[in-house]
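**Student:** Based on what follows, work out the 3D shape:
(one chain, ligands or ions: 1)
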Amino acid sequence: MQKFTITGGRRLRGELVLQGSKNSSLPIMAAALLCCGEAALHSCPKLTDVYAASRILNCVGCKCSFSGNTAVIDSRSIDSTDIPESLMHEMRSSIIFMGAMLGRAGSCTVSVPGGCELGPRPIDMHLSALRKMNVDIRENGGAIVCRAHGGRAKGARITLAFPSVGATENVILCAVTADGETVINNAAREPEICDLCGFLRACGAEIRGDGGSSIVINGKQQLHGCEYTIMPDRIAGATYLSMVAAAKGELILTNACIPEMEPFLSVLEQTGCSISTFSGKIYLRSGTRLKAVKDRIRTMPHPGFPTDAQAVLMAALATAEGTSLFEENIFDCRYRHTDALVKMGADIQVMGKIAAVTGRERLHGANVEATDLRGGAAMVTAALCAEGRSEISRICHIDRGYEKMEEAVRLLGGDMRRV
Ligand code: UD1
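**Tutor:** Have a look, this model is predicted:
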């Protein structure tokens, strides 16, 4: 099992080109199933979750090839509508293949993706929305057997109880080739939803309203292949900015999605860093000790503060002057990284959905285990500004979402190795 070793305390300085978005790549790869042709996806990050998505596509008969950061998916012919449990379990977001398979073939057999590091991850909203689209869904043991009546899903008016990203994506994927109009009310407004819709429009789909809370889709008989560039990863961006802010350095982040990162940038700016943006680049300078953030940092659906950036910002604030308060409103178990940060000397008190972080002038290196993707990134952030050496194990979590994180950190002058 690989580990990261990090010797902290170095100033980080330099320029990084932001990777393509993980949370866009996965639904867009699922959407490639719908185009019955060839989809060339540029800026596709090389991540274990992306390879897991390509294994799902292969297993239903698509051909996937990778060349640099371009993925080519040929979905002209498929020969199966079943996704085995072992593949469904490799990645929690495999559930979005349910909507895509229904859109392509009118039926599929998948399985419950199971619980995860962030707590139980129910799919009730996905199932009830698809049932409204005339899809019969039976749960049989661990299997979920789905069949659209008459072989094609029907457009419907759907109001989500919560703006779930995955449920919004599943409905969109099923609706673009369904019979008639689908309206999704209380839809997720995350930028990755707009990216998915951008890809689908390039394949000939008719969608409007994405980015707002009502999305309207007119189903088409068939979509076609296209070439598309995946948006930059706003969470990887938030991670590298947090690392450099905590390590009192300077960063030029290129290929950044500035408007989409605004909810994070506006909070990071309150720590006293200097942040400026110009033509797709974010410049960050952090000369002195960070200041605590005065207002409570509440994770909320977009355009609120992203839950995926909570852990990395918390690691940076662990050395700030004063106390910052976090309120996690999206997931029940999203403070599992705090024990590792405390082991590194952080002062963090967790009370239910609140975490109070009182900055310590110095953290110290420690041997810790990544608990989940963003929690692992938070441990790297803390280790980079801690005194001494840290070892981070279970880095398979980190590899799910960051393309060669150790190389990016070394490019900035950090001492981080994969052993
Ligand atoms: C996506 C992102 C993830 C991010 C999250 C919230 C991907 C691959 N993952 O996850 O990185 O942290 O959005 O921005 O894009 N819920 C239900 N029932 C459902 C569906 C969701 O109760 O049927 C709950 C979840 O348990 C969670 C909340 O709703 O508490 C938000 O989940 P959701 O927006 O669906 O997140 P994901 O799509 O799983």
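
**Student:** Helix or strand: which one has residue 283?
**Tutor:** Under DSSP states H and E, the secondary-structure element containing residue 283 is strand 281-285.

**Student:** and that strand, what does it pack onto?
**Tutor:** Judged by 3 or more C-beta pairs under 8 Å, 6 or more residues apart in numbering; DSSP states H and E, the packing partners of strand 281-285 are helix 234-246, strand 250-254, helix 258-268, strand 274-278. (Each C-beta comes from the backbone N, C-alpha and C, glycine too.)

**Student:** Okay, now the sheet partners of that strand, with direction.
**Tutor:** Each strand paired with strand 281-285, and its direction, by DSSP bridges: strand 250-254 (antiparallel), strand 274-278 (antiparallel).

**Student:** now the stretch 51-200 of the chain, which segments are flagged as low pLDDT?
**Tutor:** 114-120 (pLDDT under 70).

**Student:** what sits against the residue lying farthest from the centre of the chain?
**Tutor:** The centre of the chain is farthest from one residue, residue 150, which by C-alpha atoms, centre = their mean lies 34.8 Å away. Counting by C-beta atoms under 8 Å, 6 or more residues apart in numbering, residue 150 makes contact with residue 134.

**Student:** how much space is there between it and the ligand?
**Tutor:** Applying C-beta to the nearest ligand atom, to the nearest Å, the value for residue 150 to the ligand is 26 Å.

**Student:** any idea whether that residue is helix, strand or coil?
**Tutor:** helix (DSSP: H, G, I helix; E, B strand; the rest coil).

**Student:** follow-up on the earlier one: turn the helices and strands packed on strand 281-285 into TSV, including distance to residue 395 and mean neighbour count.
**Tutor:** Shown next, in TSV, are the helices and strands packed on strand 281-285 (distance: least, C-beta to C-beta, whole Å; neighbours: other C-beta atoms under 10 Å):
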stretch	distance to residue 395	mean neighbour count
helix 234-246	14	28
strand 250-254	22	19
helix 258-268	24	19
strand 274-278	29	12
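
**Student:** Which among the ones you listed is found nearest to residue 305?
**Tutor:** helix 258-268 (5.3 Å; C-beta to C-beta).

**Student:** Which residues does that closest one contact?
**Tutor:** 191, 231, 234, 237-238, 241-242, 245, 275, 277, 280, 282, 284, 293, 297, 302-306, 309, 313.

**Student:** And stretch 83-96, by the same measure?
**Tutor:** By C-beta under 8 Å, 6+ apart, the list of residues contacting stretch 83-96 reads 23, 26-27, 30, 49, 52-53, 55-56, 59-60, 97, 101, 108-114, 116, 121, 123, 126, 142-143, 166, 169-170, 173, 400.
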